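Student: coords below, sequence missing:
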């Protein structure tokens, strides 16, 4: 074959693959109701020949057009992957040939727009300054997802710079993506910087999404959008190729509609990334996080809960869903123990974040080419010239530029903050011999857990009178993701409280 013909075939490959759809697609009735099926349900349909990945991708793209870009206009998707159907076609061919890579084979996944993909999509953290040549390499977790056969469907909107641009910017707003809405009540906040990921999975735009968290940015949008959000121990999942705030706390994590789906996504993203300075224990290598998701997983477990709910009264009256959740856990076989988690209220956290941005953001920018900015100072100047139509400021970025960075001081500060928060959690777990703690979203754990770098999982618990989801928050010691997933699964199966959004004004 001559060189010119080879080049033409390379350019025509995507068109050729799509033209084969009629011969590869499952011959079945038109699909409907796919948006809220689990990974297992979708995989079973594909295995039986009742569904294929191309059909699923097309279905979700149409739903996104109808509900994210039009209709209630959730605005959770900042960009769709133009290669998604071609990728899905290739995976369908693999399945026909008897190769199924993992339970995620052919399953669409949405990524937060601060996670690198080396394709036609941008990785911008929602910033207009970051639009240009795409990233040169997939983030490590994206490499893992592609190897598992996931279809990268697109990128989700976020609070610009993962909420580290300005304190006044509302959750879910970015200069590039605009404002994301909560699909349950459109006028309410979607919460947290992973707001697009939470809203998208709640609205049925993908079965799985990936968020990132520094402090609350996975668990908060999971709670307000009524989905499952797992914030892993810092270091369990690689941060390579993810726009950083501070590697002391940063972590990606799965967001899904069920605990099992979150565990499957966690399985796919784990691996040994030697370029990440934080490394999980060797004992966790190859661990299947779905293995402990069994009937009766709450039986005999000792679970702490906030002492203020022990006697009813004001706490119980203000959060009746949490009181009901405790009753469900106890009925399912758990022993509930009242505990009092002390929040150390760590000083200088803001300075620690500023130092992290000052250190890590320029290092990330050095990995990118063809952008409008290559330094924090250039980013500040860009935002002055083009602040976005809402005219938001950049106080957090400005603070980062002004702070003096000293690596020894930075490490010592975070060592102190993490140690005092970890000690507060460890004291409660050890004193009461607990398997984990469950909390309402207003209790101290929401502050202490991220600063300790410990794991937590948010699980839907119903709806309040305004039509917004309510949630419970399980947390435990470092590297306890498997046991926390089991506790969350036991509660989820006993309660059955996840609700689909109503897209109310």
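Tutor: On my side now, so go ahead. All figures in this text were calculated on a predicted structure; none of them were measured in a lab. Residues are numbered from 1 along each chain as shown.

Student: what's the distance between the helix or strand harbouring residue 44 and the middle of its chain?
Tutor: Assigned by DSSP states H and E, residue 44 belongs to helix 39-47. A distance of 22 Å separates the centroid of the chain from that of helix 39-47, by C-alpha atoms, centre = their mean, to the nearest Å.

Student: need the next SSE after it, C-terminal direction.
Tutor: helix 53-63.

Student: contacting residues around that next one?
Tutor: 21, 24-26, 31, 34-35, 42, 46, 80, 84-85, 88-89, 91-92, 95, 105-108, 151, 153, 204-206 (C-beta atoms under 8 Å, 6 or more residues apart in numbering). Where C-beta positions appear, they are placed from N, C-alpha and C, glycine not excepted.

Student: Nearest to the spatial middle of this protein, which residue is it?
Tutor: For the chain, the residue nearest the mean C-alpha position is residue 211 (2.2 Å; C-alpha atoms, centre = their mean).

Student: Show the backbone phi and psi for that one.
Tutor: phi -110, psi 180 (degrees, to the nearest 10).

Student: Now for it: which residues touch it?
Tutor: 112, 192-194, 197-198, 217-218, 221, 229, 252-255.

Student: same question, residue 435
Tutor: So residue 435 contacts 301, 302, 303, 476, 483, 487 (C-beta under 8 Å, 6+ apart).

Student: Can you tell me which of the residues you listed are buried?
Tutor: Applying 16 or more other C-beta atoms under 10 Å to the contacts of residue 435, the neighbour count classes 301, 303, 476, 483, 487 as buried.

Student: Columns distance to residue 415, pLDDT and secondary structure on top of the residues you listed, output as CSV?
Tutor: Listed next are these as CSV, based on distance: C-beta to C-beta, whole Å; pLDDT from 0 to 100; DSSP: H, G, I helix; E, B strand; the rest coil:
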residue, distance to residue 415, pLDDT, secondary structure
301, 32, 98, coil
303, 30, 98, strand
476, 22, 98, coil
483, 26, 98, helix
487, 29, 98, helix
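
Student: Just send the residues you listed back as a markdown table, with distance to residue 283 too.
Tutor: Shown next, in a markdown table, are those (distance: C-beta to C-beta, whole Å):
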| residue | distance to residue 283 |
| --- | --- |
| 301 | 21 |
| 303 | 24 |
| 476 | 16 |
| 483 | 14 |
| 487 | 20 |
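
Student: of all those, which comes closest to residue 400?
Tutor: residue 476 (32.1 Å; C-beta to C-beta).

Student: Give me the phi and psi angles of the closest residue in space to that closest one that isn't next to it in sequence.
Tutor: If the residues on either side of it in the chain are set aside, residue 476 comes closest to residue 436, at 4.1 Å by C-beta to C-beta, 6 or more residues apart in numbering. Per-residue torsions, residue 436: phi 170, psi 180 (degrees, to the nearest 10).

Student: what's the distance between residue 436 and residue 316?
Tutor: Using C-beta to C-beta, to the nearest Å, residue 436 is found at 21 Å from residue 316.

Student: what does residue 201 give?
Tutor: 30 Å.

Student: Spit out the contact partners of the nearest residue to residue 339 once chain neighbours are set aside.
Tutor: Nearest non-adjacent residue to residue 339, counting by C-beta to C-beta, 6+ apart: residue 304, 3.8 Å away. Going by C-beta under 8 Å, 6+ apart, residue 304 touches 336, 337, 338, 339, 341, 428, 429, 432, 434, 436, 437, 438.

Student: Go again with 6 Å.
Tutor: 337, 339, 432, 434, 437 (C-beta atoms under 6 Å, 6 or more residues apart in numbering).

Student: returning to what we had before: between residue 201 and residue 316, who's got more neighbours?
Tutor: residue 201 (33 against 16; other C-beta atoms under 10 Å).

Student: how about the more buried one, secondary structure?
Tutor: helix (DSSP: H, G, I helix; E, B strand; the rest coil).

Student: residues contacting it?
Tutor: Contacts of residue 201 (C-beta under 6 Å, 6+ apart): 209, 227, 255.

Student: quick one on the thing from earlier: any chance of the contacts of residue 435 in a markdown table with distance to residue 291 as columns?
Tutor: A markdown table is the format used below for those (distance: C-beta to C-beta, whole Å):
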| residue | distance to residue 291 |
| --- | --- |
| 301 | 16 |
| 302 | 21 |
| 303 | 20 |
| 476 | 17 |
| 483 | 11 |
| 487 | 14 |
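
Student: Relative to residue 418, which of the residues you listed is nearest.
Tutor: Proximity of the contacts of residue 435 to residue 418 (C-beta to C-beta) peaks at residue 476, which lies at 16.1 Å.

Student: now the strands: where do they sit in the protein?
Tutor: 77-80, 108-112, 151-156, 173-174, 178-179, 208-213, 228-231, 251-256, 302-306, 335-339, 436-439, 456-463, 469-475 (DSSP state E).

Student: Among those strands, which comes closest to residue 419?
Tutor: Judging the strands of the chain by C-beta to C-beta, what sits closest to residue 419 is strand 469-475, at 17.2 Å.

Student: Name the residues that touch that closest one?
Tutor: For strand 469-475, using C-beta under 6 Å, 6+ apart, the contacting residues are 223, 226, 321, 325, 436-439, 445, 449, 456-464, 484, 487-488.

Student: Each with direction, which strands does it pair with?
Tutor: strand 436-439 (antiparallel), strand 456-463 (antiparallel) (DSSP bridges).

Student: who wins for proximity to residue 390 among the ones you listed?
Tutor: Of these, nearest to residue 390 by C-beta to C-beta is strand 456-463, at 28.8 Å.

Student: Identify the residues contacting that closest one?
Tutor: 219, 222-223, 226, 228-231, 321, 325, 449, 469-475, 484, 488, 492, 497-499.

Student: Understood, closing this out.
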